[in-house]
Structures are given as structure tokens and as C-alpha cells.
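Colleague: got a predicted structure plus its sequence, pasted below:
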Amino acid sequence: MKAELDALEGKLAQLVQLSQRLRAENRQLRQELASALNQGHRMNGKIENARQRLENMLAQLPEDSA
């Protein structure tokens, strides 16, 4: 009976350790995801700005009368 309880205690300790490791990994992945999403939003803003600037430049080009 003592051996079974010791084995169960060991398995429980492993489970607690795994749970803590997974929580830490999950927290890190959430932070990385938030950072990547933020960077994506910034890049989309830059792309939109460049698109508008190009459209303005194209609008200023003279018409081709060929």
C-alpha cells in the first residue's frame, strides 16, 4: 500500500510540474501572439500609407495622349 501511495505521489508531482511548465509556455505564447498581432497592425498601417502615397503620385502624373 505504501508503494502505491508513493507511486501516486510521484505521478502527482510530475503532473503538477507539467501543469506549471505548460502554464508558463502558454503565457509566453500569448505574449508572442500579442506582439505579432501588434506588429501586423503596424505593418498594415505602413502598407496603407505607402498605397495612398503611390495613388497620390499616380494622380499627379500627366495623362498619356498617345
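Modeller: Noted; the coordinates are in hand. For clarity, every value in this text was computed on a predicted model and none was experimentally measured. Residues are numbered from 1 along each chain as shown.

Colleague: what residues are up against the spatially most central residue of the chain?
Modeller: In the chain, the residue lying closest to the centroid (C-alpha atoms, centre = their mean) is residue 33, at 1.7 Å. Counting by C-beta atoms under 8 Å, 6 or more residues apart in numbering, residue 33 makes contact with nothing. No exception for glycine: its C-beta is placed from N, CA and C like everyone else's.

Colleague: can you tell me the helix or strand for it?
Modeller: helix 2-60 (DSSP states H and E).

Colleague: average pLDDT for that helix?
Modeller: The average pLDDT for helix 2-60 rounds to 97.

Colleague: ok, back up a step: separation between the residue nearest to the centre of the chain and residue 21?
Modeller: 19 Å (C-beta to C-beta, to the nearest Å).

Colleague: same check, this time on residue 5
Modeller: With C-beta to C-beta as the criterion, residue 5 and residue 21 are 25 Å apart.

Colleague: next: residue 7.
Modeller: 21 Å.

Colleague: then residue 51?
Modeller: Where residue 21 is concerned, residue 51 sits at a distance of 44 Å (C-beta to C-beta).

Colleague: stretch 38-55: how far from the chain's middle?
Modeller: Here the centre of stretch 38-55 is set off from its chain's centre by 19 Å, with C-alpha atoms, centre = their mean, to the nearest Å.

Colleague: buried sites along it?
Modeller: Using 16 or more other C-beta atoms under 10 Å as the test for burial, stretch 38-55 gives no buried residues.

Colleague: equivalent analysis for stretch 55-66, please.
Modeller: So, applying 16+ other C-beta under 10 Å, stretch 55-66 has no buried residues.
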